[in-house]
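Enquirer: heads up, no residue letters with this:
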């Protein structure tokens, strides 16, 4: 699959997720096979472009591969400016967020709220595409509400505006993350436009990824929540859809080693004071897949020191890897 001048190594992508797809997590997912990973959503408000938080969100690493940055906003001129600023910072692909269902984003008329206004969508897309010399992609939902699924109209606008690839989450904004993702509209969009279409929503296994690709005819799939605490999902998905081979999950020993390195990287990336707080949610997700009923999560969340977190994690992993699974 190609996005503009970039040839991706496979058809499996990591979704942009606020508070999650920072540099350490993107690097980890790329290591396990994600062909393209997106930054956390960047606001187009000029007042926050040069803050420490924004700089961390934009931090890239060569091991990640192509530097794709997502922006969110509603003012066409501000969006174009933000795209330029991010390209100056090193972005190689700009992704426009018109899929986020969060109230705090939608009340600013950003994210999926924009799907209600196709003319504004066109204005934003055209201005951003004209403003930068890198590929611009778009992420949407199937519509704003269940009785207004207008992804076909938006997809055609995107194609006409010069968008290089379109990701569709198989829910409306009204659905939030409830119920099951629907893929019929993604299939319809793929049949109606010539630009690459990426299917997103409820892809939590290699088998589901293959089903969604086959059913929709999409050019690629994007994994979001399915990667939380489970970055090795990319390895198994790539194996099944690219090589038709079933790749076993890493051993418990390998997983424990990866988790320890990830938490250590979070401490280093954010600094010990902020890092230990961010580590908590990742450890909670990891434990869901390793020891879902463990009391250790509560113990871990009470630790307020980065080094102590690593010591406690290592001790816990030594116990479960040595066969004591009731900890």
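Expert: Looks like it arrived, so ask away. Please read these numbers as outputs of a predicted model, since none were measured by experiment.

Enquirer: From now on I want contacts and neighbour counts done on CA atoms only, so please keep to that.
Expert: OK.

Enquirer: Identify the structural domains in the protein and state their residue ranges.
Expert: Listed by the TED database, the domain ranges of the chain are 2-243, 252-322.

Enquirer: Can I get these in JSON lines including mean neighbour count?
Expert: Shown next, in JSON lines, are these (neighbours: other CA atoms under 10 Å):
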{"stretch": "domain 2-243", "mean neighbour count": "20"}
{"stretch": "domain 252-322", "mean neighbour count": "16"}
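
Enquirer: Just send the ones you listed back as TSV, with mean pLDDT too.
Expert: Shown next, in TSV, are the domains of the chain (pLDDT from 0 to 100):
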stretch	mean pLDDT
domain 2-243	93
domain 252-322	94
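
Enquirer: Confirm residue 13 sits in a helix?
Expert: No: counting by DSSP: H, G, I helix; E, B strand; the rest coil, residue 13 is located in no helix; its state is strand.

Enquirer: And the helices in this protein?
Expert: Applying DSSP state H to the chain gives helices spanning 23-31, 52-58, 76-88, 103-106, 118-131, 151-161, 184-192, 206-216, 233-243, 252-270, 272-290, 296-301, 306-321.

Enquirer: and the angle from the last one to helix 272-290?
Expert: It refers to helix 306-321. 20 degrees (axes from the mean of the first three to the mean of the last three CA atoms, to 10 degrees).

Enquirer: how close does the most centrally placed residue in the chain sit to residue 40?
Expert: For the chain, the residue sitting closest to the mean C-alpha position, by CA atoms, centre = their mean, is residue 15 at 2.0 Å. Per CA to CA, to the nearest Å, residue 15 is found 9 Å from residue 40.

Enquirer: if I look at the two, which residues touch both of them?
Expert: Residues touching both residue 15 and residue 40 (CA atoms under 8 Å, 6 or more residues apart in numbering) are residue 21.

Enquirer: circling back: closest to residue 140 out of the helices of the chain?
Expert: Ranking the helices of the chain by proximity to residue 140 (CA to CA) places helix 151-161 first, at 7.6 Å.

Enquirer: Could you tell me the angle between the closest one and helix 184-192?
Expert: 40 degrees.

Enquirer: Residue 158 is in contact with residue 122, isn't it?
Expert: Yes: using CA atoms under 8 Å, residue 158 is in contact with residue 122, at 7.2 Å.

Enquirer: how far does stretch 245-255 sit from the chain's center?
Expert: 22 Å (CA atoms, centre = their mean, to the nearest Å).

Enquirer: Could you work out the end-to-end span of that stretch for me?
Expert: 21 Å.

Enquirer: any idea how far the nearest residue to residue 262 once chain neighbours are set aside lies from residue 212?
Expert: Computed as CA to CA, 6 or more residues apart in numbering, the closest residue to residue 262 that is not its neighbour in sequence is residue 24, at 6.8 Å. Residue 24 is 28 Å from residue 212, where distance means CA to CA.

Enquirer: And residue 305, by the same measure?
Expert: Here residue 305 is placed at a distance of 43 Å from residue 212 (CA to CA).

Enquirer: Same check on residue 235?
Expert: Per CA to CA, residue 235 is found 17 Å from residue 212.

Enquirer: again with residue 72
Expert: Distance, residue 72 to residue 212, by CA to CA: 27 Å.

Enquirer: One more: residue 82?
Expert: Separation of residue 82 from residue 212 (CA to CA): 33 Å.

Enquirer: With residue 156 instead?
Expert: To residue 212, residue 156 is 22 Å away according to CA to CA.

Enquirer: And residue 70, by the same measure?
Expert: 24 Å.

Enquirer: Next: residue 155.
Expert: From residue 155 to residue 212 the distance is 19 Å (CA to CA).

Enquirer: The residue nearest to the centre of the chain contacts residue 226, doesn't it?
Expert: No: in this structure, residue 15 is not within contact of residue 226 by CA under 8 Å, at 9.9 Å.

Enquirer: hey, what's in contact with both of these two?
Expert: Counting by CA under 8 Å, 6+ apart, residue 15 and residue 226 have no contacts in common.

Enquirer: before we move on, back to that, to residue 176, which of the helices of the chain lies closest?
Expert: helix 103-106 (10.2 Å).

Enquirer: Just the residues contacting the closest one, thanks.
Expert: With CA under 8 Å, 6+ apart as the test, helix 103-106 has contacts from 100, 111-113.

Enquirer: Quick one: distance of that helix to the chain centre.
Expert: 18 Å.

Enquirer: Please apply the same query to stretch 221-235.
Expert: Centroid separation between stretch 221-235 and its chain, computed with CA atoms, centre = their mean, is 9 Å.
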